[in-house]
Every structure is written in structure tokens, then in C-alpha cells.
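1. Can you look at this prediction? I've put the sequence above it.
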Amino acid sequence: MKIDWAALGSVFGVSLVVTVALVGLFTLGIVGLTKQEQARTAGGGGAALAPRVGAYACFALCAAAVAYGIYLIVA
């Protein structure tokens, strides 16, 4: 049995980068919701819209990345 160490390292590197990016994107979504809550309590009605839209966009990208990963596993 022979292990292709270059391919294993490549898979490890790509999965590490994608994992860090996905966690960072989800964190940005949580921060956006926090900023939206702070803007809403401060009385800025229109200012609360942009962080909420950004947070939902981050969560949608996270869901798309997870769905694509599941697609790659199933296909």
C-alpha cells in the first residue's frame, strides 16, 4: 500500500483553508446581527438594515458552501 503524501497534503490544506473561511464568514454574520441589534436599540431604524442584510448574506453563503460540500460528497 502506497500513500500519495502530496495529494493528502493538498486535501488537508484545502480543507483547512475552507474551514477557516467558513467559520470566519459565520462569525461575520453573527457580528452583523449584533451590530444590527445595537443600531436598533440606539434608535437608528435605517442604520439597522445594512448589518442585517450583510449578516443574512453571510449566512446564505455559509449555507451555500455546506450545500455544495454535500453535493460533492453525494455526487
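-> Ah, there it is.

2. right, and the helix or strand after the longest helix anywhere in the chain?
-> Longest helix in the chain by number of residues (criterion: DSSP state H): helix 5-41. Downstream of helix 5-41, the first helix or strand assigned by DSSP states H and E is helix 49-74.

3. Check which residues of that following helix are buried.
-> Buried residues in helix 49-74, counted by 16 or more other CB atoms under 10 Å: 51-52, 54-55, 58-59, 61-62. C-betas here are computed from N, CA, C, even on glycine.

4. show me the contacts for residue 62.
-> By CB atoms under 8 Å, 6 or more residues apart in numbering, residue 62 lies in contact with 22, 25-26, 29.

5. I'd like the buried residues of helix 49-74 as CSV, with pLDDT appended.
-> CSV is the format used below for the buried residues of helix 49-74 (pLDDT from 0 to 100):
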residue, pLDDT
51, 86
52, 89
54, 92
55, 94
58, 96
59, 97
61, 97
62, 96
